[in-house]
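A.B. asks: pasted the sequence and its predicted model underneath.
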2 protein chains.
Amino acid sequence: MKDLTKITEYKELYKATLLDNVMPFWLENSIDQEFGGYFSCLDRDGTVYDTDKFMWLQNRELWMFSRMYNTVEAKEEWKEAATVGYEFLKKHGMDAYGNWYFSLNREGKPLVQPYNIFSDCFAAIGFKEYAVMTGDEEALAIAKRTFENILKRQANPKGSYNKIVDGTRPLKNFALPMILSNMALLFEGVLEDEKVNELVDQVVDEVMNVFLDEEKGIVYENVLPDGSKADCYDGRLLNPGHGIEAMWFIMDIAAKKSDSALMQKAVDVVISTLEYSWDKEFGGIFYFMDAEGRPPLQLEWDQKLWWVHLETLIALSKGFLHTEDQRCWDWYEKVHNYAWSHFHDPEFGEWFGYLNRRGEAYQSLKGSKWKGCYHVPRAMMECWQIFEKIEEKNLQLQ
Amino acid sequence: MKDLTKITEYKELYKATLLDNVMPFWLENSIDQEFGGYFSCLDRDGTVYDTDKFMWLQNRELWMFSRMYNTVEAKEEWKEAATVGYEFLKKHGMDAYGNWYFSLNREGKPLVQPYNIFSDCFAAIGFKEYAVMTGDEEALAIAKRTFENILKRQANPKGSYNKIVDGTRPLKNFALPMILSNMALLFEGVLEDEKVNELVDQVVDEVMNVFLDEEKGIVYENVLPDGSKADCYDGRLLNPGHGIEAMWFIMDIAAKKSDSALMQKAVDVVISTLEYSWDKEFGGIFYFMDAEGRPPLQLEWDQKLWWVHLETLIALSKGFLHTEDQRCWDWYEKVHNYAWSHFHDPEFGEWFGYLNRRGEAYQSLKGSKWKGCYHVPRAMMECWQIFEKIEEKNLQLQ
């Protein structure tokens, strides 16, 4: 049994940070009352420094406000904030075929074509969550259509924007199966059960049998169709945060299926990935690595990113909740101490996004083209709920 | 008059580094005798760590060996090394329309489609230089055809791979006019004089009147068609190394045209760019900056890159040669001291490519997908020749 005081303290920390710090930061600074949608490019104190609207972040913020309303508390201000995004996105976010643009300008005119299937992924979950909150049938129809569109585009997600020559080296990328493993569960109750189960089995197989390297216990970003490795930059690429994030999606699936072997395997992968990717010199988890230890292509490979550490906190606390594996607890404390002392901004709220290898926040931003109202609040919400469950479990043991 | 000892010392340093260190490094490690072409991915000691063949770097290396033969010494080993690249590239580098692929695997099978016009730019100069060395008519024909193809594709270089939606924000990018300002002179004697002059006037106008911000004295990476600024990530983007490199291309044009006003303007831009982009805390020139001082999008913005510093050494020494502007000399010494003490690898030769903000070589590589046999030897060759001319000028003054 763990020290209950600490567990309760963690629970309270996540809850208070979510409700009193992170959600207010986005609510106060990111809503575009004039044109609709959200400002995601916020500087340290919340000042808007760019007004373009990126579909990943717009739809993630729509999801976040709706999810808070649906699972935490039916607060009117969260519903209103979600609606400001929803109306803008419904009107401007898609092309004539229902494909989601990558970005729009502030007014909603399209800037970048729908080349990126993850815009559609986040739209599908955002619109679905909004439909749950409001009962809006149009939102639900768009969510469903977008989801079906994604499944249709799976085999060639970039379509005509794909620059890879057919045949020479047919690498498959991990990101889509990973997101689908999360989306499948988020779409429960919307899709037929049979369809959800089928998709879940497919993505679990892809993630655990194709992209996971059994021997290393690490997920690869790109593999050949049969799961074998390609000796090239992309083929050697590891993104530890991606692998760890996928493992908590797998844990959710394992919990739903009461599959304790799958649960333990996901925990093992989190631990082996952390052992591999933890920076022994300065602390923190590397952003990118080369599986053969060769020079990574990404110039930012040694940086420490907020989402990597937050996803790891979710994976470790969730793993501990389900397995009580001592390694989860030990690593949790290590990552917690690093993350809260380096990313958290006690002065202006929210978290810094990008640290250099030494752990210095060399970027002041709280939001950008890639960071928005998503990973920080989602992790605060997840960890709050997880520690609540760990607390309950421990209280029963007393 | 400058201290002649120092000028001679610099001249000898560049000459010796080029001939005894840099060219041997590539000659010994980068030639693929089995399949032809070059290995550009070399680790610190020259070990090959990836065998893919990227057209930028293949053609740049072809250019470098040919150029050395044509302008330094008719060494047989340089000619042979160029020929190994030439034969491979002629056979595998282009699609059926004569567009250059972005990359091939080691054997020469295409990996990435011809979406990137700079592959064609470097192919044109590589094949032209090879034709000068050998008198090979096929090489010359390919060089000419590729060059004409570039001019045809100028308005929409990415073709069907262009992801920008027409009309919303029609940004123009600086890279192509910049490369063309260099290529125009490299193609003298191949294209008709009239065509060269016309192209030169066009690119000088583009660079100095459209992309250069008159007030700041800094070149922007992207502007609207009329030269006005767009308030977005791309519109605020500065790449100081690009701007400085372009200025020595402009200096070459100014020297050819005996245009001393253009020469002085190019020098002024180099100085104002350096004043803007020099890292006052740790030294070195930042890789990317935001013109409004907002958070840059590029996670590697604060890194110090080899080519940025080498291009600056060329621009400053060339500017000093032509104008004797004291600021060129003062900045030259500052950048020289930083660059030679941080990038130069006294143990294994060649230069490191990537330093973090503090000036630490956090990547061991000597070559990669983006660094090859080009910027280091080209700068050594240019600076050697420039200091030789400065030396001659000073000797006449004595």
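C.D. replies: Sure, I can see it.
A.B. asks: which residue ranges of the stretch 1-150 of chain A form strands?
C.D. replies: Ranges of strands in the stretch 1-150 of chain A, per DSSP state E, counting those that start in this stretch, are A:41-42, A:48-50, A:53-54, A:103-104, A:110-112.
A.B. asks: list the helices and strands the fourth one packs on?
C.D. replies: Spelled out, that is strand A:103-104. Other elements packing on strand A:103-104 under the criterion 3 or more CB pairs under 8 Å, 6 or more residues apart in numbering or on different chains; DSSP states H and E are strand A:53-54, strand A:110-112. Heads up, the C-betas are built off the backbone N, CA and C, glycines and all.
A.B. asks: and among those strands, the most buried is which?
C.D. replies: Highest mean neighbour count among those (mean count of other CB atoms under 10 Å in any protein chain shown): strand A:53-54, with a mean of 27.
A.B. asks: and it, anywhere near chain B?
C.D. replies: No: Strand A:53-54 lies out of reach of chain B by CB under 8 Å from any CB of the partner chain, never closer than 10.1 Å.
A.B. asks: pLDDT of that strand, averaged?
C.D. replies: Here strand A:53-54 scores 98 as its mean pLDDT.
A.B. asks: sorry, back to before: for the strands of the stretch 1-150 of chain A, which one sits closest to B:Leu104?
C.D. replies: Minimum separation from B:Leu104 across those (CB to CB) falls at strand A:110-112, 28.6 Å.
A.B. asks: who touches that closest one?
C.D. replies: A:52, A:92, A:95, A:101-105, B:163-165, B:168-169 (CB atoms under 8 Å, 6 or more residues apart in numbering or on different chains).
A.B. asks: got the residues of the stretch 251-398 of chain A near chain B?
C.D. replies: For the stretch 251-398 of chain A, the residues in contact with chain B (CB under 8 Å from any CB) are A:292, A:294-295, A:297, A:299-300, A:302-303, A:354, A:356-357, A:362-365, A:368-369.
A.B. asks: what about those residues, which are in strands?
C.D. replies: Secondary structure from DSSP state E places A:Tyr354 of those in strands.
A.B. asks: so how do I select the buried members of the residues of the stretch 251-398 of chain A next to chain B in PyMOL?
C.D. replies: The buried subset of those, as determined by 16 or more other CB atoms under 10 Å in any protein chain shown, is captured in PyMOL by this line:
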select buried, chain A and resi 294+295+297+299+300+302+303+354+356+357+362+363+364+365+368+369
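A.B. asks: thinking again about what came up before, redo the strands of the stretch 1-150 of chain A as JSON lines? Include distance to A:Leu212.
C.D. replies: Listed next are the strands of the stretch 1-150 of chain A as JSON lines, based on distance: least, CB to CB, whole Å:
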{"stretch": "strand A:41-42", "distance to A:Leu212": "35"}
{"stretch": "strand A:48-50", "distance to A:Leu212": "38"}
{"stretch": "strand A:53-54", "distance to A:Leu212": "30"}
{"stretch": "strand A:103-104", "distance to A:Leu212": "33"}
{"stretch": "strand A:110-112", "distance to A:Leu212": "33"}
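A.B. asks: how many other residues sit next to A:Ile253?
C.D. replies: Residues within reach of A:Ile253, counting by other CB atoms under 10 Å in any protein chain shown, total 22.
A.B. asks: and it, that one's in a strand?
C.D. replies: No: read with DSSP: H, G, I helix; E, B strand; the rest coil, A:Ile253 is helix and lies in no strand.
A.B. asks: for the stretch 251-398 of chain A, give me the ranges with low pLDDT.
C.D. replies: Residues of the stretch 251-398 of chain A meeting the criterion pLDDT under 70: A:398.
A.B. asks: strands along that one, start to end?
C.D. replies: Using DSSP E, counting those that start in this stretch, the strands found in the stretch 251-398 of chain A span residues A:289-290, A:304-305, A:354-355.
A.B. asks: let me know which of these is tucked in deepest.
C.D. replies: Highest mean neighbour count among these (mean count of other CB under 10 Å): strand A:304-305, a mean of 26.
A.B. asks: give me the contacts around that one.
C.D. replies: Strand A:304-305 is contacted from outside by A:241, A:279, A:284-287, A:342, A:353-357, A:359, using CB under 8 Å, 6+ apart.
A.B. asks: biggest separation within those, which pair?
C.D. replies: So, the contacts of strand A:304-305 by CB to CB: farthest apart are A:Asp279 and A:Gly353, at 17.5 Å.
A.B. asks: before we move on, the earlier item: just the buried members of the contacts of strand A:110-112?
C.D. replies: Looks like the contacts of strand A:110-112 have A:Asp52, A:His92, A:Tyr101, A:Phe102, A:Ser103, A:Leu104, A:Asn105, B:Lys163, B:Ile164, B:Val165, B:Arg169 buried, using 16+ other CB under 10 Å.
A.B. asks: if we ignore the residues flanking it in sequence, what's nearest the fourth one?
C.D. replies: With CB to CB, 6 or more residues apart in numbering or on different chains as the criterion, A:Phe102 has its nearest non-adjacent residue at 3.9 Å, and that residue is A:Val112.
A.B. asks: just list whatever residues bridge to the one you found.
C.D. replies: Note on A:Val112: beta-bridge partners by DSSP bridges are A:Ser103, B:Ile164.
A.B. asks: neighbour count for A:Asp279 and A:Gly353, which is higher?
C.D. replies: Between A:Asp279 and A:Gly353, counted using other CB under 10 Å, the more crowded position is A:Gly353 (25 against 15).
A.B. asks: the more buried one against A:Trp306, yeah?
C.D. replies: Yes: assessed by CB atoms under 8 Å, A:Gly353 is found in contact with A:Trp306 at 4.8 Å.
A.B. asks: overlap in contacts, those two.
C.D. replies: Counting by CB under 8 Å, 6+ apart, the common neighbours of A:Gly353 and A:Trp306 are A:Phe343, A:Lys371.
A.B. asks: gap between the longest helix seen in chain A and the chain center?
C.D. replies: If you go by DSSP state H, chain A has its longest helix at helix A:375-397. A distance of 18 Å separates the centroid of the chain from that of helix A:375-397, by CA atoms, centre = their mean, to the nearest Å.
A.B. asks: swap in stretch A:329-347?
C.D. replies: 18 Å.
A.B. asks: roughly how far apart are the closest residue to A:Leu238 other than its chain neighbours and A:Leu297?
C.D. replies: Once flanking residues are discounted, A:Leu238 sits nearest to A:Met289: 4.4 Å by CB to CB, 6+ apart. For A:Met289, the distance to A:Leu297 (CB to CB, to the nearest Å) stands at 11 Å.
A.B. asks: now do the shared contacts for the two.
C.D. replies: By CB under 8 Å, 6+ apart, A:Met289 and A:Leu297 have these common neighbours: A:Leu237.
A.B. asks: so what touches the helix or strand hosting A:Leu176?
C.D. replies: In the assignment (DSSP states H and E), A:Leu176 maps to helix A:175-186. Applying CB under 8 Å, 6+ apart, the contact partners of helix A:175-186 are A:117-118, A:121, A:124-125, A:128-129, A:147, A:150, A:154, A:157, A:196, A:199-200, A:202-204, A:206-207, A:210-211, A:221, A:242, A:245-246, A:249-250, A:252-253, A:256.
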